[in-house]
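Engineer: The following comprises the amino acid sequence and a computationally predicted model.
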Amino acid sequence: MKQKDGIGMGAQLSKRKMDVKRLVVKVGTSSLVYPDGGLNLRVIDQLAFALSTLCGQGKEVILVSSGAIGVGLNALRLKERPKEISEQQALASIGQSKLITMFNQRFAHYNQTIGQLLLTHDVFDFPASNQHVMDTFDKLLARHVVPIVNENDSIAVDEMDHRTKFGDNDQLSAIVATHVDADLLIMLSDIEGFYDQNPLTHDDAQLIPTIHEINDDTYAVAGGRGSRYGTGGMVTKLTAAEIMLKDHRQMVLASGKDPAIILDILAGKPVGTWFTPEEKGAVQHG
Ligand SMILES: Nc1ncnc2c1ncn2[C@@H]1O[C@H](COP(=O)(O)OP(=O)(O)O)[C@@H](O)[C@H]1O
Ligand SMILES: N[C@@H](CCC(=O)OP(=O)(O)O)C(=O)O
């Protein structure tokens with residue numbers, strides 16, 4: 001991809017201006033489950049540590065976590081995701097309860113209370129249910145609780161006349177971030193950030209440190225998923241970034257391999273790709 005207006009390569013070495021009170025973090029299945037299906041307990045623990053640390057600093061934190069189906073596969077020792085939707089929905093039911101139990105244990109270790117919210121698209125479409133969800137977020141955050149959100153996979157259906165499905169958690173996290181008026185969305189993935197070509201197929205792909213605008217050229221270099229557990233690949237992450245930018249909000253796409261990176265991002269370190277509206281894209285020097 002040629003360097004164009006809206007994409008800044010020069011901000012790489014400068015510290016970013018991050019003034020964040022309310023934060024949404026999204027973590028993908030590929031960060032929580034190893035390629036062989038085993039659970040990445042270190043990442044789950046570090047995520048709990050980083051987010052508990054931020055809560056202790058007075059920040060309001062929401063976690064959008066995938067992994068229900070991946071953890072369900074692990075629980076039943078299945079190697080392949082079944083094709084049948086009802087099988088996947090049953091796996092999500094098994095996996096979600098295991099996942100939230102693990103999060104509960106690790107967050108409790110850091111003396112941090114969590115809450116669980118399983119959402120479907122129609123919740124946001126209807127003003128009354130939307131208001132109730134927002135009230136729940138507000139009450140949880142006011143009590144320094146970390147809401148952990150996932151799509152309610154076991155009941156969501158994807159029919160034209162019944163819009164209950166988000167499609168993926170990348171979009172869900174951006175929808176949540178805009179609805180709760182978050183200052184920042186951190187998207188943790190199995191890749192260090194957004195590259196000028198798909199790094200899976202191009203060895204010489206270069207990380208783009210800052211993006212102010214997403215257009216057809218950006219989408220043109222976004223390829224499919226990196227692991228067998230990922231769902232949307234880079235396209236759905238760009239869609240999430242587009243939702244954030246249109247709403248004058250920021251998103252950082254970074255690697256979920258070591259969730260302590262969340263603390264680096266909030267400290268303004270130039271890691272991953274920073275999607276930021278032009279007016280917020282200022283950097284601190286020194
Ligand atoms: N331009 C690009 N920059 C970075 N990654 C890309 C790009 N195009 C495609 N990808 C692929 O997208 C993958 C991330 O998407 P995905 O596998 O769905 O992750 P997750 O499980 O974190 O949601 C990366 O591993 C990479 O192979
Ligand atoms: N809601 C599904 C995950 C959907 C999804 O977007 O997955 P991912 O690409 O791993 O973030 C689950 O919990 O298995």
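Structural biologist: Yep, it's here. Ligands and ions are numbered 1, 2, ... in the order given.

Engineer: Spit out the contact partners of F137.
Structural biologist: Contact analysis of F137 by CB atoms under 8 Å, 6 or more residues apart in numbering lists 62, 117, 147, 180. (C-beta placed from N, C-alpha, C; glycine too.)

Engineer: elements contacting the top helix by length along the chain?
Structural biologist: For the chain, the helix with the greatest residue count under DSSP state H is helix 85-109. Helix 85-109 makes packing contacts with helix 41-56, strand 60-65, helix 68-75, strand 114-119, strand 146-151 when contacts are defined by 3 or more CB pairs under 8 Å, 6 or more residues apart in numbering; DSSP states H and E.

Engineer: Send me stretch 164-180 as PDB with only the CA atoms.
Structural biologist: The C-alpha trace of stretch 164-180 is given here as PDB (Å, rounded to 0.1, in the frame of the first residue of the first chain):
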ATOM      1  CA  THR A 164     -29.900 -10.600  16.600                       C
ATOM      2  CA  LYS A 165     -26.300 -11.300  15.600                       C
ATOM      3  CA  PHE A 166     -23.400  -8.900  15.600                       C
ATOM      4  CA  GLY A 167     -21.300 -11.100  13.300                       C
ATOM      5  CA  ASP A 168     -18.200 -10.800  15.300                       C
ATOM      6  CA  ASN A 169     -16.800  -9.400  18.500                       C
ATOM      7  CA  ASP A 170     -14.600  -6.900  16.700                       C
ATOM      8  CA  GLN A 171     -17.800  -5.000  15.700                       C
ATOM      9  CA  LEU A 172     -19.400  -5.700  19.100                       C
ATOM     10  CA  SER A 173     -16.500  -4.100  20.900                       C
ATOM     11  CA  ALA A 174     -16.700  -1.000  18.800                       C
ATOM     12  CA  ILE A 175     -20.500  -0.800  19.300                       C
ATOM     13  CA  VAL A 176     -20.100  -1.100  23.000                       C
ATOM     14  CA  ALA A 177     -17.200   1.400  23.100                       C
ATOM     15  CA  THR A 178     -19.300   4.100  21.200                       C
ATOM     16  CA  HIS A 179     -22.400   3.400  23.300                       C
ATOM     17  CA  VAL A 180     -20.600   3.700  26.700                       C
END
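
Engineer: Could I get the buried residue list for that stretch?
Structural biologist: Within stretch 164-180, the residues that count as buried by 16 or more other CB atoms under 10 Å are 164-166, 168-180.

Engineer: ok so, going back, among the contacts of F137, which pair sits farthest apart?
Structural biologist: L117 and V180 (11.1 Å; CB to CB).

Engineer: tell me the SS of P35?
Structural biologist: With DSSP: H, G, I helix; E, B strand; the rest coil as the basis, P35 sits in coil.

Engineer: What parts of the stretch 1-150 of the chain come near ligand 2?
Structural biologist: Applying CB under 6 Å from any ligand atom, one finds that the stretch 1-150 of the chain approaches ligand 2 through 28-29, 66-70, 92, 150.
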